[in-house]
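> generate a structure from the sequence data that follows.
(2 chains, ligands or ions: 3)
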Amino acid sequence: MSDRSQLIITGKPFAFDTERDAEFERLVKRYPIRESMIMPALWLAQDQEGWISGEAIEYIADRIGTYAAKVFELATFYTMYQLKPVGTYHICVCRTLSCWLREKQELVDYLRDEIGILPGQMSQDGRFSLEEVECLGHCGTAPVIQINGEFHEEMSVEKLKMVLSGLE
Amino acid sequence: MEVKILSEKFDIRDAHLLEVARKHGAYRTLDKLFSMKTSDVIEEVKNSGLRGRGGAGFPAGVKWSFLPKDTDKPVYLAVNSDESEPATFKDRYILVRDPHMLIEGIIICCYAIGCHDCYIYIRGEYTSQVKILQAAIDEAYAAGYLGEAVAGHDFRLDVTVHRGAGAYVCGEETALLESIEGKKGQPRSKPPFPAVVGLYDSPTIINNVQSIASLPFIIDKGAQAYRAYGTEKSPGTHLFGISGHVEKPGLYELPLGLSLMDVVEKVAGGVWRGRGLKGIIPGGSSTPVLTADEAKTATLDYESMAEHKTMFGSGGIVVLDDTVDMVELVENLIYFYHHESCGQCTPCREGLGWMLKIVKKLLAGEGTIADIDLLVELCDNIEMKTVCVLSAACTMPVRSYLNKFRHEFEAYAVDKDSVQ
Ligand SMILES: Cc1cc2nc3c(=O)[nH]c(=O)nc-3n(C[C@H](O)[C@H](O)[C@H](O)COP(=O)(O)O)c2cc1C
Ligand code: SF4
Ligand code: FES
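Ligands and ions are numbered 1, 2, ... in the order given. Below you'll find the model as predicted:
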């Protein structure tokens, strides 16, 4: 999201749960070098916690046998890794060409007016966070958004209202 | 106009499941494949004229033959499923609707090039898609199509999915390799080319998903059957993605060589809302725009696009109606490439940022005619002066808008009255 400079230390230890541990062990055998596991491990950590803490970075570095700085470097280069908590519902609106042509701005304006969040922000109750992202590979059904990774295509303000009211 | 070669199983329910896919012919080429000499497989693919569908259009069989003949290193295949070029959404259909066609293609390619370890690099945003792909791979392992002995033959093949995490530049083949190696996605200088020094310093072939998925048909039916579609120099079919201002946007499999306007009007239902046509981007956002006039004579193949001074690209066609403000469009485009620059070359990292600032200044009503010329000058100073072509993927189209729609830029300039 917007500020990528800070690593948050939670004060709580981090470790993969059993399921993710098993996935780590399955994958590590597939690569000739352990550094190739940094990205998959970051995904596993984010999948488990919703975001990546300072402790998770340290844990991954230890587990792989590399420097925490190297893990941190990748966690900042690749924009999908979240270095701070996101909302219960993390909304990504595609801002690129085809979605822009099919009026994605109406969706962003609606979210600003109704939920009161701008791209890069989280609502005060922590329910929603919003991010504008680049082409999501669904241009033929533009405009598109993702909520917690799930795609919603051929969006309109009407449809967005329905999707949002369907959330718990 | 539509044909069904790659999309044969797209409308069949649950064709992503092995049982259903097999009922409709998945993996039927394998017996034939393993009875062929590897050199004959490469020859067949060369004869088919299949050109890389990732954007550059390089002949697939020819690329494979660049691998060193004797090497004591392993040979790798990296399947490019990064699909991040704006207006491109074709590979996703293969991943979701017919992943076994891709796996079968991978087996064919790996057998031909002597590869036993394949990585599929899939963009991070494809969350549900990666699950479907992984489930298909798991099923293929369980059925013995992958693993220690592919389809009972003395041939090991492991396929591993590597997820990206939101970096367009990782679609560039060497950035993709860096990413698999656990580094930032920063492209390498070439030469050496990946076929010689690629993944983990070993010979590596990188091919697009659609290129690989085209192989089962070619091996099953033969090169001539593939050449029955398309043109002499652009044979076969392509999954065209049509987006933007048309009535029926979507994915359409068409033979190469059709008239662009016929496709826009008859297949995609024409310009939406009864509006006029301003221009067409023929092959993804990186390809120079065609004016409505130029579009009339263009056909959807590599040669015609080159004659029209643009590119076939990824086959992502974007239709622009007559309400589009080209200056705003260019702002949207430059923002994308600037955001996605990996940062290692100054002309790209800084130059695209300057271009964005100038366009914003114009839009704010504070730019001048000299600023428009400065944009062109920046394009000259950025292009071909960087490690990879991401920067040119921005300057080439921007230049086309500046050339063909210059009056729109001038209309924003404070000193517009100085223009005759
Ligand atoms: C900035 C940039 C982004 C690219 N993105 C993709 C992509 O998302 N998918 C793809 O297949 N090729 C992409 N390419 C092209 C690849 O570098 C490479 O040419 C291609 O994957 C080779 O496969 P093919 O020969 O089968 O087309 C990109 C190239 C550049 C310079
Ligand atoms: S041209 Fe841009 S994206 Fe490509 S290597 Fe240079 S800085 Fe990175
Ligand atoms: S431009 Fe929005 S999904 Fe491609």
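> how about stretch B:216-234: buried residues?
Across stretch B:216-234, burial judged by 16 or more other C-beta atoms under 10 Å in any protein chain shown covers B:P216, B:F217, B:I218, B:I219, B:D220, B:A223, B:Y226, B:R227, B:Y229, B:G230, B:T231, B:S234. Using the backbone N, CA and C atoms, a C-beta is placed for each residue, glycine as well.
> skipping adjacent residues, who's closest to the fourth one in space?
By that I understand B:I219. The shortest distance from B:I219 to any residue other than its chain neighbours is 4.6 Å, reached at B:T29 (C-beta to C-beta, 6 or more residues apart in numbering or on different chains).
> ok, and the closest non-adjacent residue to the residue of chain A most remote from its centre?
Distance from the centre of chain A peaks at A:P32, with 27.9 Å (C-alpha atoms, centre = their mean). In space, A:P32 comes closest to B:Y200 once its chain neighbours are excluded; the distance is 5.6 Å by C-beta to C-beta, 6+ apart.
> tell me the confidence at that neighbour?
On the pLDDT scale, B:Y200 is placed at 98.
> do A:S156 as well
Predicted confidence (pLDDT) for A:S156: 97.
> gap between it and ligand 2?
35 Å (C-beta to the nearest ligand atom, to the nearest Å).
> now do the same contact list for that residue.
Applying C-beta atoms under 8 Å, 6 or more residues apart in numbering or on different chains, we find A:S156 in contact with A:E106.
> what helices or strands is the helix or strand harbouring B:L133 leaning on?
Element membership of B:L133, judged by DSSP states H and E, is helix B:127-142. In this structure, helix B:127-142 packs against strand A:150-152, helix B:18-23, helix B:91-97, helix B:99-113, strand B:117-122, strand B:158-163, with contacts taken as 3 or more C-beta pairs under 8 Å, 6 or more residues apart in numbering or on different chains; DSSP states H and E.
> tell me the angle of that helix relative to helix B:99-113?
Per axes from the mean of the first three to the mean of the last three C-alpha atoms, to 10 degrees, the angle that helix B:127-142 makes with helix B:99-113 is 60 degrees.
> tell me the mean pLDDT over helix B:127-142?
For helix B:127-142, mean pLDDT is 98.
> list the buried residues in it.
Neighbour counts over helix B:127-142 (16+ other C-beta under 10 Å) mark B:T127, B:Q129, B:V130, B:I132, B:L133, B:Q134, B:A136, B:I137, B:E139, B:A140, B:Y141 as buried.
> so is that helix next to ligand 3?
No - with C-beta under 6 Å from any ligand atom as the criterion, ligand 3 is not reached by helix B:127-142; the gap is at least 13.3 Å.
> which stretches of the stretch 251-400 of chain B form strands?
Taking DSSP state E, counting those that start in this stretch, the strands of the stretch 251-400 of chain B run over residues B:277-281, B:290-291, B:316-321.
> partners of the last one, with directions?
When sheet partners are counted by DSSP bridges, strand B:316-321 sits next to strand B:237-244 (parallel), strand B:277-281 (antiparallel).
> now, the buried residues of stretch B:216-234 that are in strands?
The members of the buried residues of stretch B:216-234 all map outside strands under DSSP state E.
> count of neighbours near the nearest residue to A:P85 once chain neighbours are set aside?
Closest residue to A:P85 apart from its sequence neighbours, by C-beta to C-beta, 6+ apart: A:W51 at 5.0 Å. Neighbourhood size, A:W51 [other C-beta atoms under 10 Å in any protein chain shown]: 18.
> same thing with the one 5 residues further on?
By the other C-beta under 10 Å criterion, the neighbourhood of A:A56 contains 27 residues.
> was I right to think it contacts A:A45?
Yes - using C-beta atoms under 8 Å, A:A56 is in contact with A:A45, at 4.2 Å.
> up against ligand 1, what does chain B have?
So chain B meets ligand 1 at B:52-56, B:58, B:60, B:80, B:82-85, B:169, B:171-173, B:206-208, B:211, B:388-390, B:393 (C-beta under 6 Å from any ligand atom).
> out of the residues you listed, which end up buried?
Buried members of the residues of chain B next to ligand 1, scored by 16+ other C-beta under 10 Å, are B:52-56, B:60, B:80, B:82-85, B:169, B:171-173, B:206-208, B:211, B:388-390, B:393.
> what's near enough to touch the residue of the stretch 101-250 of chain B found nearest ligand 3?
Of all residues in the stretch 101-250 of chain B, B:S243 sits closest to ligand 3, at 7.1 Å by C-beta to the nearest ligand atom. B:S243 sits next to A:98, A:101-102, A:139-140, A:142, B:87, B:89, B:249, B:316-319 when contact means C-beta under 8 Å, 6+ apart.
> next, the buried residues of the helix or strand encompassing A:L111.
Element membership for A:L111, per DSSP H and E: helix A:105-114. Judged by neighbour count using 16+ other C-beta under 10 Å, the buried positions of helix A:105-114 are A:L107, A:V108, A:Y110, A:L111.
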